[in-house]
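Participant: need a 3D model of the sequence below.
(2 chains)
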Amino acid sequence: MNDIEPGKIHQRCINGMSQMHYFVYLPQHRTEENKIFYSIHGISRNAEEHVEGFIAQAEKHGAIILAPLFLKEDYPRYQQLGSSANQQRADMAFDHVLQDAHEWLGISPAPMHMFGFSGGGQFLHRYAMFYPKRVARMVLAAPGWYTFPDPERKYPYGIKSTREWPNLKFVLENFLKISTLIMVGEQDDLRDKELNKTKEIDSFQGFNRIERAERWTTAVRAVGRSYDIPTNIRLEQVPNASHAYESYTAHPPFAEQIFDFLFEELQ
Amino acid sequence: MDLKLDPLPNQRLAQAKWAYTTRRIDPDQTFQLLTGTVSPLAGDLLLARVEELGQHRRLELVSSRRATLFEGDEIVIAYGNRYAPDQFEGIVPDHLGPCRLVAAGGVAARLLNRHDRIKSATRITPLGLLTDEEGHRINLSRARLPKADRIVASPLVLVVAGTSMNAGKTSACANLVRGFVRQNIKVAAAKFTGTGAGADYRALVDAGACPVFDFIDAGYVSTYRVNRETLLDIVMTLGHEMAESGADIIIVEVADGLLQRETARLFATLEFTDWIDGVIFAANDALGAQAGISWLNARQLPVFAITGVLTSSPLAKREAEEVCGLPVYHTNALARPSVSSYIYSCLQYRHQQRTASEVVR
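Facilitator: Have a look, this model is predicted:
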């Protein structure tokens, strides 16, 4: 890692089944711990902007930032991890990024401390459900809708297998142990054009991102009680934030809260 | 004592309708008829004549076929106590005088109470108690399974309880059995409390559980007004049989609501509660679910999901999820492998945690 200049954002492009880009920031002063902050963008695909916005916190915590970029043409449904089990799998592309980062930077990725905004929050909680042992803590900011830990509903609404997603088997007892913070803007109760408004989602998840976050939180806690596993999941509203990314970052403690939550057990 | 024993021709008994509650008694043995001043006991078999049809116009036979009753029919049934908030309360009389048919499965009792919307119980006249050749009464306890004093093997144990009768417990049990069987999981099932009736038993058989038992197999026609020792006998006898059957999971239905005295007593029996890995609660509405979950939580019982009649309403389902903080599964969904596989893994996890903590203690 010695030849990689700290204090700068680096863009990396790797070739696999399809091209994958990601951004990396190395802090000027790294702490001894292997702290890596993973940030997953929303559908505006502003991965670099994510990195820029978290530099101050990365320096404060001595953490590396890693932000993959899921291009629309390659991963149009990255939020749901792909179009089907065999097509455009964003989770596998992300794994490719992790492998490359391991070889390039010498970092051990798991267990990961992760943040996802909007569509990135969707990707993140689904990734955590698929690979619960890889994720230590996560912050989901304003996902539009969720995969509920509900075996009565088909994936991606719930965890039941479908023709497109056959043989799904989620190890919920591991997923329930992931510490999770959900952040939603207190004004993010609008039914904007990006919000998925299908009857399927409206009817059981709620009419806006606040209701949907509340119901998902309730559902995860309920499954935790079912397994008798104490869950660490909490929901916080972000003052004055709507759904625009800038309205969240305009709230001064936003980035600090995310880092404090993700790395609190390492401090 | 004006007791009298008369021979009972097999032909006469063959023409009589034998109720479900008599299913463990061999009908081909030689019987006599005991009459006179005698106090029947719960579980004693009697030959009775139907005098006037009321609520029960059909009798459930040993085969579970519901045979039409006619006035003048002779029937073989058992004396027993009956607790059914939607129908009757009845107790075993202290004489062989006229009484009532208080359950379609074949229970004779003195009627104490009935629901406003239920017709009067069918009137019957006991013709005498059935005895063997030596004159000993035929009681269900004579044909029971051997008593057991402990349960050795430890498959997973899932209990279904509910707010009241008709909350959806039996449907839940049958669907759970089906869901597990579809995954090639071996299921044993039993109904521990209630009044002898074939519908519940047959539903478990039809769903694919094997073996299936109810309290009749432990020698009891019903569990209303039984003491703790009797409940423990049922738990141990049926629990032992199911555990030794090689089943992967045992499903137990507990009748009526949690406030019913024998149900509450069963849930206060440590030998029972120590044995179980999880409870699914069936409710008619969200408020009932909340009360039931609170009741179970207060007793530190491992309730882990809700189901029942309320799940027909998506709004009631959501309400129950919110107020109870537990997953709510549609009754029919319990038969789907996608749901039952998670229920199974949840029980396995709880079982492992429980047995691990027992080892540590």
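Participant: the helices in the chain, which residues?
Facilitator: Unless you meant another one, I'm taking chain A. Secondary structure of chain A, counting by DSSP state H: helices at A:47-61, A:90-105, A:119-130, A:172-175, A:199-205, A:209-227, A:245-249, A:253-263.
Participant: let me rephrase: I mean chain B.
Facilitator: Assigned helices in chain B, in chain order: B:10-15, B:169-181, B:198-207, B:228-243, B:261-266, B:270-273, B:286-298, B:314-324, B:337-360 (criterion: DSSP H).
Participant: so which of those helices is the most surrounded?
Facilitator: helix B:169-181 (a mean of 26; mean count of other CB atoms under 10 Å in any protein chain shown). From N, CA and C alone the C-beta is placed, and that goes for glycine too.
Participant: from the chain's centroid, how far away is that one?
Facilitator: Distance of helix B:169-181 from the chain centroid (CA atoms, centre = their mean, to the nearest Å) equals 15 Å.
Participant: what does that helix contact?
Facilitator: B:158, B:160-162, B:187, B:189, B:199-200, B:203-204, B:206-209, B:248-249, B:251, B:253-255, B:280, B:282, B:307-308, B:331-337, B:339-340, B:343-344 (CB atoms under 8 Å, 6 or more residues apart in numbering or on different chains).
Participant: just those that are near chain A?
Facilitator: Restricting the contacts of helix B:169-181 to those near chain A by CB under 8 Å from any CB of the partner chain leaves B:Ala333, B:Arg336, B:Val339.
Participant: without its sequence neighbours, what residue ends up closest to the residue in the stretch 1-150 of chain A that chain B sits nearest to?
Facilitator: Minimum separation of the stretch 1-150 of chain A from chain B (CB to the nearest CB) falls at A:Asp150, amounting to 7.4 Å. Ranked by CB to CB, 6 or more residues apart in numbering or on different chains and with sequence neighbours excluded, the top spatial neighbour of A:Asp150 is A:Gly158, at 3.9 Å.
Participant: what's near enough to touch the one you found?
Facilitator: A:Thr147, A:Phe148, A:Pro149, A:Asp150, A:Pro151, A:Glu152 are the contacts of A:Gly158 under CB under 8 Å, 6+ apart.
Participant: what's stretch A:199-215 in contact with?
Facilitator: Residues contacting stretch A:199-215 (CB under 8 Å, 6+ apart): A:140, A:142-146, A:148, A:153, A:157, A:182, A:184-186, A:188-191, A:195, A:216, A:235, A:237, A:243, B:314, B:318.
Participant: now it: how far from the chain's centre is it?
Facilitator: Distance of stretch A:199-215 from its chain centroid, counting by CA atoms, centre = their mean, is 19 Å.
Participant: kindly check the end-to-end length of that stretch for me.
Facilitator: Start to finish, the residues bounding stretch A:199-215 are 16 Å apart (CA to CA, to the nearest Å).
Participant: quick one: average confidence on that stretch?
Facilitator: Mean per-residue pLDDT for stretch A:199-215: 94.
Participant: and if you look at stretch A:164-177?
Facilitator: 97.
Participant: only C-alpha atoms, please: export that stretch in CSV.
Facilitator: Provided in CSV are the C-alpha atoms of stretch A:164-177 (Å, rounded to 0.1, in the frame of the first residue of the first chain):
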residue,chain,number,x,y,z
GLU,A,164,-35.9,-15.8,-10.6
TRP,A,165,-34.3,-16.3,-7.2
PRO,A,166,-34.5,-20.0,-6.5
ASN,A,167,-33.2,-21.9,-3.5
LEU,A,168,-32.8,-18.9,-1.2
LYS,A,169,-31.8,-19.8,2.3
PHE,A,170,-31.2,-16.9,4.7
VAL,A,171,-29.5,-17.5,8.0
LEU,A,172,-31.6,-15.1,10.0
GLU,A,173,-29.9,-15.8,13.3
ASN,A,174,-26.7,-14.3,11.9
PHE,A,175,-28.4,-11.4,10.2
LEU,A,176,-30.2,-10.5,13.5
LYS,A,177,-26.8,-10.0,15.2
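Participant: alright, calling it a day.
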